[in-house]
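Colleague: Sharing a sequence plus its predicted fold:
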Amino acid sequence: MSNQTLNLDAALYDYLLRHSLREPPVLAALRQETAQHPMGQMQIAPEQGQFMALLVELIGAKRTLEIGVFTGYSALAVALALPREGEVVACDVSEDYTAIAQRYWQQAGVAAKINLRIAPALDTLDGLIAAGEADQFDFAFIDADKSSYDDYYERALVLVRSGGLIVLDNMLWSGRVADPTDTSRRTQTLRDLNEKLHQDSRISLSLVPIADGLALARKR
């Protein structure tokens, strides 16, 4: 028995997927296509998508935010978990990446749930706040440029209701956040944000070692 999180070798990771993952065929097809993409490393792990879908179901989410869409796997996982009247406001700047996403959203029958905004995410988020959408979202997923993570987090705190959940990806950053020799800007940005989240009395927090590290911040 272990009193700390296990390291997953290939055999144990395969066991985890075989005994947990319930990936719909449309999600599996999107993941397989994205794996062939030149930027395929930006794809989230399938167990991460399933975990987020479970969180969405647990909090009874109806309106969600996604900051950073890429080819649309996480938005699709969340949209499939939402009720029929649910909505994902999805922010990205790439028409090329999100064209792949939209094909699969259509195939899955959830395109009507996903409101794609092609614009800098801060512009979209500030526009939502200006339009009176504060406290109107149940869930937010942040997985975009690391330099703006803190700004995305602060906007999400305004837009998500009390009791809602903000999830931030890549917060363990392949272990680089714990490597004192890594002084790169992106690594330091994530270190600083982890410190901020740890001290932030506006949220309840858990930093979970799933995939590249997910920070779960429940707005108080």
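Modeller: Thanks, I have it.
Colleague: going forward, measure contacts and count neighbours with C-alpha atoms only.
Modeller: Will do.
Colleague: Which residue is the nearest non-sequential neighbour of I129?
Modeller: L159 (6.8 Å; Cα to Cα, 6 or more residues apart in numbering).
Colleague: do A156 as well
Modeller: Using Cα to Cα, 6+ apart, the closest residue to A156 is A140 (6.7 Å).
Colleague: ok, now S204?
Modeller: R218 (5.0 Å).
Colleague: Helix, strand, or coil at the one you found?
Modeller: Three-state call for R218 (DSSP: H, G, I helix; E, B strand; the rest coil): strand.
Colleague: One more: A90?
Modeller: A90 ends up strand, using three-state DSSP.
Colleague: Okay, now the unreliable bits of the protein?
Modeller: Low-confidence segments of the chain (pLDDT under 70): none present.
Colleague: Kindly recompute the last result at 90.
Modeller: Along the chain, segments meeting pLDDT under 90 span 1-7.
Colleague: now the helices: where do they sit in it?
Modeller: For the chain, the helices defined by DSSP state H cover 10-20, 25-35, 46-58, 73-81, 95-108, 121-130, 149-159, 185-199.
Colleague: among those helices, which is the most enclosed?
Modeller: Ranked by mean neighbour count, the helices of the chain are led by helix 73-81 with a mean of 25 (mean count of other Cα atoms under 10 Å).
Colleague: elements contacting that helix?
Modeller: helix 25-35, helix 46-58, strand 87-92, helix 95-108 (3 or more Cα pairs under 8 Å, 6 or more residues apart in numbering; DSSP states H and E).
Colleague: Distance to G164 added to these, as JSON lines?
Modeller: Shown next, in JSON lines, are the helices and strands packed on helix 73-81 (distance: least, Cα to Cα, whole Å):
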{"stretch": "helix 25-35", "distance to G164": "25"}
{"stretch": "helix 46-58", "distance to G164": "10"}
{"stretch": "strand 87-92", "distance to G164": "14"}
{"stretch": "helix 95-108", "distance to G164": "25"}
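Colleague: For D9, which of these is the nearest?
Modeller: Among the helices and strands packed on helix 73-81, helix 46-58 comes nearest to D9, with 15.3 Å by Cα to Cα.
Colleague: Just want the angle from the closest one to helix 73-81.
Modeller: If you take axes from the mean of the first three to the mean of the last three Cα atoms, to 10 degrees, helix 46-58 sits at 40 degrees to helix 73-81.
Colleague: got the angle between helix 46-58 and helix 10-20?
Modeller: 30 degrees.
Colleague: Offset the numbering so it begins at 51, please.
Modeller: Understood, numbering begins at 51; the last thing we discussed is helix 96-108.
Colleague: Show me how far the top strand by length along the chain is from its chain's centre.
Modeller: In the chain, with assignment by DSSP state E, the single longest strand is strand 210-218. Remark: strand 210-218 is offset 12 Å from the chain centroid, using Cα atoms, centre = their mean, to the nearest Å.
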